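> I would like to see how this sequence folds:
(2 chains)
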Number of protein chains: 2
Amino acid sequence: MFEKILYPTDFSDASKKAIAYLKNMKTAGTRQVIILNVIDEKKVEYSSQGITWAGLSVADFLRQTYQRLIEEAHEELKSVESELKEAGFDIKVMAEKGNPYSKILEVAEEEDVSAIILGSHGKSNLKSMPLGSVSEYVIHHSTKPVIVIRRD
Amino acid sequence: MFEKILYPTDFSDASKKAIAYLKNMKTAGTRQVIILNVIDEKKVEYSSQGITWAGLSVADFLRQTYQRLIEEAHEELKSVESELKEAGFDIKVMAEKGNPYSKILEVAEEEDVSAIILGSHGKSNLKSMPLGSVSEYVIHHSTKPVIVIRRD
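Residues are numbered from 1 along each chain as shown, chains lettered A, B, ... in the order given. As a prediction, this is how the structure comes out:
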């Protein structure tokens, strides 16, 4: 039922909220968790506009930037990984560049997960609780069940 | 974890999709399901505008209309109830008048459910898959986890 869960994270407080919830999903039959961080291609490419310094070509700048961002992501992913490993799950860690919107859905399909878990950016002092545009997109387009967890 | 699930239904195909999913949630530890149908107060009140026929006062019209709608809802709820009872759940059935947006959240709080399950109005042939405004509202405002199931 909930055997294989995709947990996309941008390392925000909202997405971290889902970790505590995920840990309890052991009792609901969860065995494997795929932790996914997507490095937003568009943001990186945008930051490359006007790169003419340091003797770098745009291609080199992009290559180096991605490498650095993927390394940084893996650093952050490590602590999430160890926390969830401790809880007894099989873990697969992925840091991928791409469009976060489509990448999350793509991985969900490829890995044929049981469900996707998302933390929401809830702010209890406000009546409006934006989910974040990536979460919204995933909820609307996923063919897999989506579990939305409030930060509260 | 998923012991007590709130299943709001408007008897649409989208919400019925969630039944099949719910049945499998036995293996995830679900024991109790609250089936909730909310009779939309606003729609009923709107339909009362201009009621001057049949010798009925607006108050009588509303009373009679609610009574009829609640009876109809219980008819429909019966088949959902028996399907889920067969799957081995404890069932609580509720047909309530009110604002569907707030009523669902109210019942979720009062009953302290583990999660709310919602069917989405997914249409695989369209790129946009509207969830329905009630589902949207619940996802954005619920303090309880929400599980969104695609109709596919």
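> what ranges does chain A have for its helices?
A:13-24, A:41-47, A:58-86, A:100-110, A:133-141 (DSSP state H).
> show me what the lowest-mean-pLDDT helix or strand in chain A is packed up against.
When the helices and strands of chain A are scored by mean pLDDT, DSSP states H and E, helix A:41-47 comes last with a mean of 80. Here helix A:41-47 touches helix A:58-86, strand A:90-98, going by 3 or more C-beta pairs under 8 Å, 6 or more residues apart in numbering or on different chains; DSSP states H and E. For every residue, glycine as well, the C-beta is placed using N, CA and C.
> how many neighbouring residues does A:Lys43 have?
Per other C-beta atoms under 10 Å in any protein chain shown, the neighbour tally for A:Lys43 reads 12.
> tell me how far it lies from A:Asp10.
To A:Asp10, A:Lys43 is 11 Å away according to C-beta to C-beta, to the nearest Å.
> report pLDDT for the residue of chain A found nearest chain B.
Nearest residue of chain A to chain B: A:Ala28, at 4.1 Å (C-beta to the nearest C-beta). A:Ala28 is assigned 94 on the pLDDT scale.
> who's in contact with it?
A:1-2, B:1-2, B:28-29 (C-beta atoms under 8 Å, 6 or more residues apart in numbering or on different chains).
> reformat the residues you listed as CSV; add distance to B:Asp90.
Listed next are the contacts of A:Ala28 as CSV, based on distance: C-beta to C-beta, whole Å:
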residue, distance to B:Asp90
A:Met1, 19
A:Phe2, 21
B:Met1, 16
B:Phe2, 14
B:Ala28, 15
B:Gly29, 13
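> nearest to B:Val134 among those residues?
Among the contacts of A:Ala28, B:Phe2 lies closest to B:Val134 (C-beta to C-beta), at 21.6 Å.
> so the closest one makes contact with B:Ser114?
Yes. Using C-beta atoms under 8 Å, B:Phe2 makes contact with B:Ser114 at a distance of 5.1 Å.
> who's more crowded, the two?
Between B:Phe2 and B:Ser114, B:Phe2 has the larger neighbour count (other C-beta under 10 Å), namely 26 against 21.
> low-confidence ranges, chain A, go.
Residues of chain A that meet the criterion pLDDT under 70 lie in A:49-54, A:121-130, A:151-152.
> how close does the residue sitting furthest away from the middle of it get to A:Lys85?
The centre of chain A is farthest from one residue, A:Gly55, which by C-alpha atoms, centre = their mean lies 33.5 Å away. Distance, A:Gly55 to A:Lys85, using C-beta to C-beta: 43 Å.
> B:Val33 versus the residue lying closest to A:Tyr21 once chain neighbours are set aside, what's the distance?
Spatial nearest neighbour of A:Tyr21, excluding adjacent residues (C-beta to C-beta, 6 or more residues apart in numbering or on different chains): A:Ile149 at 4.9 Å. Separation of A:Ile149 from B:Val33 (C-beta to C-beta): 20 Å.
> quick one, which of the two is more surrounded?
Each of A:Ile149 and B:Val33 has its neighbours counted (other C-beta under 10 Å); B:Val33 has more, 26 against 23.
> next up, the contacts around that one.
When contacts are taken as C-beta under 8 Å, 6+ apart, B:Val33 is in contact with B:4-7, B:22, B:84, B:89-92.
> of those residues, closest to B:Asp60?
Once C-beta to C-beta is applied, the member of the contacts of B:Val33 that ends up nearest B:Asp60 is B:Lys92, at 30.7 Å.
> how near is the closest one to chain A?
21 Å (C-beta to the nearest C-beta, to the nearest Å).
> so what's the residue count around that residue?
Here the number of neighbours of B:Lys92 (other C-beta under 10 Å) works out to 15.
> nearest spatial neighbour of it, chain-adjacent residues omitted?
B:Ile34 is the one closest to B:Lys92 (C-beta to C-beta, 6+ apart), at 4.6 Å.
> let me see the contact set for that neighbour.
With C-beta under 8 Å, 6+ apart, B:Ile34 has these contacts: B:4-7, B:91-94, B:107, B:111, B:113.
> for A:Arg31, which non-adjacent residue is spatially closest?
A:Glu3 is the one closest to A:Arg31 (C-beta to C-beta, 6+ apart), at 5.2 Å.
> now for the one you found: which residues touch it?
A:29-32, A:114.
> how about a cut-off of 6 Å?
A:29, A:31, A:114 (C-beta atoms under 6 Å, 6 or more residues apart in numbering or on different chains).
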